[in-house]
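Asker: pasted the sequence and its predicted model underneath.
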Amino acid sequence: MKIAQLAGLISIFFCFPGLALAEPQLYETGPSEESSYVRFVNATENTIEIISSNGSAKIEFNANADGRASRFFTVKAASKLTATLQGKGRKGSVEVTGKPWEYITVAILPDATAKLKTMLVRETPDDFNAMRASVSLFNLDASCTATMQGGAKKATILEGVKPFTVQRRLINPVKLSATVGCGGQNTKVDLGQLEAGGRYSVFLLNLKNTRQVFFVHDAN
């Protein structure tokens with residue numbers, strides 16, 4: 001994400017109660033509070049703007065792989081986050097409340113109506129291993145169940161990932177080129193050299209009946 005975009009995101013999230021980036025400022029009552037984590041993913045073919053609840057700040061997410069997803073932002077658990085979405089004449093809104101240590105991905109999806117649609121994909125990871133990499137598959141395609149294979153032997157990494165769900169597993173920190181299969185179509189994605197202790201999210205999208213796959217190196 002470009003520096004200017006990240007600066008905009010910082011402005012947005014300072015507008016929400018209890019939400020900030022620097023460790024001493026994460027919580028209203030101090031760092032002992034339980035946290036949850038929220039990010040946005042643009043799964044449409046158009047640029048999307050996310051506007052703070054009071055309208056004082058906004059950020060654009062483009063339709064390119066490196067600009068579709070925000071980082072994870074820390075939110076005080078049980079606090080409510082609200083925002084307005086708009087893009088290409090369409091509008092929508094989102095309201096999110098996270099459980100302690102929950103990671104929430106807000107997917108902004110294409111829709112035939114005048115409103116932007118969102119789906120929340122939630123997970124509470126418990127698989128950290130400093131010697132291995134954690135790889136997940138987010139299926140944002142409503143029409144099929146997804147599978148991810150990779151490596152020289154095309155071993156199955158994740159399978160049976162239903163629409164708007166996520167699966168995650170630990171693998172060795174190797175160079176990974178993977179294939180995501182869904183509805184009889186296979187789409188390749190190259191994650192490069194995985195880092196030990198790193199976390200990676202692979203996203204499957206369906207835009208105008210054409211499937212796309214991209215990944216991000218998770219950070220919060």
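Answerer: Yep, that arrived.
Asker: ok, what's across the strand from the most centrally placed residue in the chain?
Answerer: Centroid check for the chain by C-alpha atoms, centre = their mean gives residue 105 as the closest residue, at 4.4 Å. Residue 105 has these beta-bridge partners by DSSP bridges: residue 39, residue 121.
Asker: is it true that it touches residue 138?
Answerer: Yes: using C-beta atoms under 8 Å, residue 105 is in contact with residue 138, at 6.4 Å. (C-beta placed from N, C-alpha, C; glycine too.)
Asker: what do the two both touch?
Answerer: Residues touching both residue 105 and residue 138 by C-beta atoms under 8 Å, 6 or more residues apart in numbering: 41, 121, 166, 201.
Asker: ends of stretch 34-48, what's the gap?
Answerer: 30 Å (C-alpha to C-alpha, to the nearest Å).
Asker: go ahead and confirm residue 48 touches residue 108.
Answerer: Yes: if you go by C-beta under 8 Å, residue 48 and residue 108 touch, sitting 5.4 Å apart.
Asker: can you give me the helices for this structure?
Answerer: For the chain, the helices defined by DSSP state H occupy 3-14.
Asker: and it, what are its domains?
Answerer: The chain breaks down into these domains under automatic domain parsing: 3-123, 133-217.
Asker: could the ones you listed go into JSON lines alongside mean pLDDT?
Answerer: Shown next, in JSON lines, are the domains of the chain (pLDDT from 0 to 100):
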{"stretch": "domain 3-123", "mean pLDDT": "74"}
{"stretch": "domain 133-217", "mean pLDDT": "94"}
